[in-house]
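> I'll drop the sequence and a predicted model, then ask my questions.
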Amino acid sequence: MLYLRYLGPRLSLLVGLSVARSAFAQVPAEPPPAPVAAPKNEPPVAAPAEAKPEPTELEKLRADLQATQRQVEELRTAQEEAAAALQEPSTEQEKLKLYGFADMGFQYTRANKSSVLANLYDFNNANFILGNVNIYFDAQPVEHWRGLVEVRFTNAPQGRITNFGGLGGQFARASTFTDDTSGAAANAPLWGGTLVIERAWLEYNRFQAVKLRVGNWFTPFGIWNEDHGSPTLISLAWPQFMTQRWMPLRQTGLMAYGSTFAGSWELGYAATLSNGRQEDANLNIDGTIGGGGRLYARRDTGRVNSTFGLSFFTGKSRDKVVSVTGVDPITFRSESTFEYNEYVTGADVSLDIGSTRIRSEGVVRRSTYTPGKRQLLNQVLQPQGSAPDKWEHSFYVLVAQQLPGALDMFEPYVWAEAFQTPTIIGDGTFVGSAGLNVRFNPAITWKNQYSRVWLFDWLYDSPYDNSTNNLHQFYSRLVMAF
């Protein structure tokens, strides 16, 4: 408030001037002098040039008062403009917002050195990890329209095993190492990395009950997929039905969603039409539109906040092979190497009771192949093997508790998950986990999770000893939201 310091002496002067003005108004004005008659028969005498009178002390005070009043008005106007600028965001800030999150840290997975998993994924080594580096570009150029692009920066696929040696052929790893042609030396090193487009969509959201979104979006299925950022999720590990992609994690197409209120409950929905799975192509090469949706009821008032949801997805997946069968004239033949239909449904519950958070979800998937068009399995691990028609089931419960009082920065949690899917190392898996989140402030969290994994033969017999593939896993990440 520098202008108050400046106005201190001025305001004292204003008070003095006000008192002087009142006193001046009470003094009676002196009568004007009587006119003197000019002598007769004498020529008039020219009046001398009237000199401009010097301003009186009172007139000086009045002029000073008026100048001070003008300065006060100018300062008041400047103050109001500054306050308005602070309260109202600029147009540029509203049009585009940048934010994101990053996590990195340490992980260790231990398994029997002779197991299938230990050799497939290079286990039994401690690793420092660059996890997620995600940036959001959130645009709202005009009212009721929004666009969101999320990209992830990775160093993949550097080091990934691309081919096994021995019976598998020549051992090879993926390498993104090359010479930097833009470097200051001819042999300057460069490691490339993959830029992942997590999602990119545009939407029209004028009406709460019906909003339309087009582009590439996360499948509205269950608790985890849409709200996937590591700062918001409780645990580091995903449920296995997501890790194994029982439904497509993201799709390209059209989504309609919205909600309404019934008392204290929000009733919402999402309905989707898309190209289906994108593992083989971004285009709709299977010729069938994938469809799905989600229904939920949410209550966020009171001590108990809850959400209940149902999700569904169905689609067809096939690989289309195009062969040249003739030259003059040129002819082609199209055929599918595999083709299957899938149906996935799930139910989920989220409960927040005070400082306790509970998440639970159950998922069932059915996939059926067209006769004669089954996918081949890994021919090194299972020669002549092909994928069967199958049912898959998954269920988990996660409970987290924020500690009270001075320990409220700590949130321990436990996780139990069981899922069934036929594989060469067993069709049943149970995962038990314990974790601890340490929230230093709203932007920084340290997340830790230990998991023990057991594999079983529940419905099918595996050619391998399941127990050799049991795992110990530990993950630690420092997470920043910005």
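Received, thanks.
> Please name the nearest non-neighbouring residue to Ser334.
Closest residue to Ser334 apart from its sequence neighbours, by C-beta to C-beta, 6 or more residues apart in numbering: Val322 at 5.2 Å. (Each C-beta comes from the backbone N, C-alpha and C, glycine too.)
> can you check Phe312 too?
Residue nearest to Phe312 in three dimensions, not counting chain neighbours: Thr345, with 4.9 Å by C-beta to C-beta, 6+ apart.
> For the one you found, pull up the helix or strand it's in.
strand 330-353 (DSSP states H and E).
> elements contacting that strand?
Contacting strand 330-353 under the criterion 3 or more C-beta pairs under 8 Å, 6 or more residues apart in numbering; DSSP states H and E are the following elements: strand 304-327, strand 356-369.
> In the sheet, which strands lie alongside the first one, parallel or antiparallel?
It refers to strand 304-327. Sheet pairing here is set by DSSP bridges, and for strand 304-327 it gives strand 290-299 (antiparallel), strand 330-353 (antiparallel).
> One more: the shortest one?
Strands that pair with strand 356-369, judged by DSSP bridges, come out as strand 330-353 (antiparallel), strand 390-401 (antiparallel).
> I'd like these laid out as CSV, including mean neighbour count and distance to Asp122.
Shown next, in CSV, are the strands paired with strand 356-369 (neighbours: other C-beta atoms under 10 Å; distance: least, C-beta to C-beta, whole Å):
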stretch, mean neighbour count, distance to Asp122
strand 330-353, 15, 29
strand 390-401, 18, 26
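> hey, least reliable of the ones you listed by pLDDT?
Among the strands paired with strand 356-369, strand 330-353 carries the lowest mean pLDDT, a mean of 94.
> least trustworthy helix or strand in this protein by mean pLDDT?
helix 2-26 (a mean of 41; mean pLDDT, DSSP states H and E).
> and the next helix-or-strand element following it, what does it pack onto?
Under the assignment DSSP H and E, the closest C-terminal helix or strand after helix 2-26 is helix 57-87. Packing partners of helix 57-87 (3+ C-beta pairs under 8 Å, 6+ apart): helix 2-26.
> which residues of the chain score low on pLDDT?
Where the chain drops to pLDDT under 70, the residues are 1-54, 85-93, 378-384.
> how does it look with 80?
1-60, 79-94, 167-168, 280, 377-385, 460-464 (pLDDT under 80).
> mind giving me the domain ranges of it?
1-23+59-85, 99-154+194-481 (automatic domain parsing).
> Can you tell me which of these is most buried?
Most buried of those by mean neighbour count (mean count of other C-beta atoms under 10 Å) is domain 99-154+194-481; its value is a mean of 16.
> Centre of the chain to that one, how far?
15 Å (C-alpha atoms, centre = their mean, to the nearest Å).
> Over to it now: how far is its first residue from its last?
Domain 99-154+194-481 has its terminal residues 8 Å apart, counting by C-alpha to C-alpha, to the nearest Å.
> follow-up on the earlier one: got the domains of the chain as TSV, with distance to Gly168 columns?
As requested, the domains of the chain are exported to TSV (distance: least, C-beta to C-beta, whole Å):
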stretch	distance to Gly168
domain 1-23+59-85	67
domain 99-154+194-481	5
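> which residues of the stretch 51-200 of the chain fall in helices?
Taking DSSP state H, counting those that start in this stretch, the helices of the stretch 51-200 of the chain run over residues 57-87, 91-95, 116-120.
> would you turn those helices into TSV with distance to Ala400?
Shown next, in TSV, are the helices of the stretch 51-200 of the chain (distance: least, C-beta to C-beta, whole Å):
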stretch	distance to Ala400
helix 57-87	38
helix 91-95	35
helix 116-120	28
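> Which stretch among the ones you listed approaches Gly165 most closely?
Set against Gly165 and scored by C-beta to C-beta, the helices of the stretch 51-200 of the chain come closest in helix 116-120, at 11.0 Å.
> Run through who's touching that closest one.
Outside helix 116-120, the residues that touch it by C-beta atoms under 8 Å, 6 or more residues apart in numbering are Ala111, Asn112, Phe123, Asn124, Ile161, Leu381, Ile424, Ile425, Tyr464, Asn469, Leu471.
> out of these, what pair is the most spread apart?
Asn124 and Ile424 (20.6 Å).
> you'd agree Asn225 is up against Phe241?
No: between Asn225 and Phe241 there is no contact under C-beta atoms under 8 Å: 10.1 Å.
> Only C-alpha atoms, please: export the strand holding Thr345 in PDB.
C-alpha atoms of strand 330-353 as PDB (Å, rounded to 0.1, in the frame of the first residue of the first chain):
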ATOM      1  CA  ILE A 330      -3.000 -57.500 -60.600                       C
ATOM      2  CA  THR A 331      -5.300 -59.400 -58.100                       C
ATOM      3  CA  PHE A 332      -5.500 -59.600 -54.400                       C
ATOM      4  CA  ARG A 333      -6.800 -62.000 -51.700                       C
ATOM      5  CA  SER A 334      -7.800 -61.000 -48.200                       C
ATOM      6  CA  GLU A 335      -8.000 -63.500 -45.300                       C
ATOM      7  CA  SER A 336      -8.000 -63.500 -41.500                       C
ATOM      8  CA  THR A 337      -5.300 -65.400 -39.600                       C
ATOM      9  CA  PHE A 338      -7.400 -65.100 -36.400                       C
ATOM     10  CA  GLU A 339     -10.800 -63.800 -35.500                       C
ATOM     11  CA  TYR A 340     -12.700 -63.800 -32.200                       C
ATOM     12  CA  ASN A 341     -15.500 -62.000 -30.400                       C
ATOM     13  CA  GLU A 342     -15.300 -60.800 -26.800                       C
ATOM     14  CA  TYR A 343     -17.700 -59.800 -24.100                       C
ATOM     15  CA  VAL A 344     -16.500 -58.100 -20.900                       C
ATOM     16  CA  THR A 345     -18.600 -57.000 -18.000                       C
ATOM     17  CA  GLY A 346     -17.700 -55.600 -14.600                       C
ATOM     18  CA  ALA A 347     -19.100 -54.300 -11.300                       C
ATOM     19  CA  ASP A 348     -17.300 -51.900  -9.000                       C
ATOM     20  CA  VAL A 349     -17.700 -50.300  -5.500                       C
ATOM     21  CA  SER A 350     -15.900 -47.300  -4.100                       C
ATOM     22  CA  LEU A 351     -16.400 -46.300  -0.400                       C
ATOM     23  CA  ASP A 352     -14.800 -43.500   1.500                       C
ATOM     24  CA  ILE A 353     -15.700 -43.700   5.200                       C
END
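> hang on, the earlier thing: dump the strands paired with strand 304-327 into CSV; add distance to Leu233 as well.
As requested, the strands paired with strand 304-327 are exported to CSV (distance: least, C-beta to C-beta, whole Å):
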stretch, distance to Leu233
strand 290-299, 18
strand 330-353, 12
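> So for Ala172, which of those strands sits nearest?
Closest among those, using C-beta to C-beta: strand 330-353, at 23.8 Å.
> Looking at strand pairing, list the partners for Leu130.
Beta-bridge partners, per DSSP bridges, of Leu130: Met104.
> pretty sure Leu233 is in a helix, no?
No: applying DSSP: H, G, I helix; E, B strand; the rest coil, one finds Leu233 to be coil, outside a helix.
> and the gap between it and Asp408?
19 Å (C-beta to C-beta, to the nearest Å).
> just Arg62 next, same as before
65 Å.
> likewise Thr109?
To Asp408, Thr109 is 32 Å away according to C-beta to C-beta.
> Phe261 too?
For Phe261 relative to Asp408 (C-beta to C-beta), the value is 32 Å.
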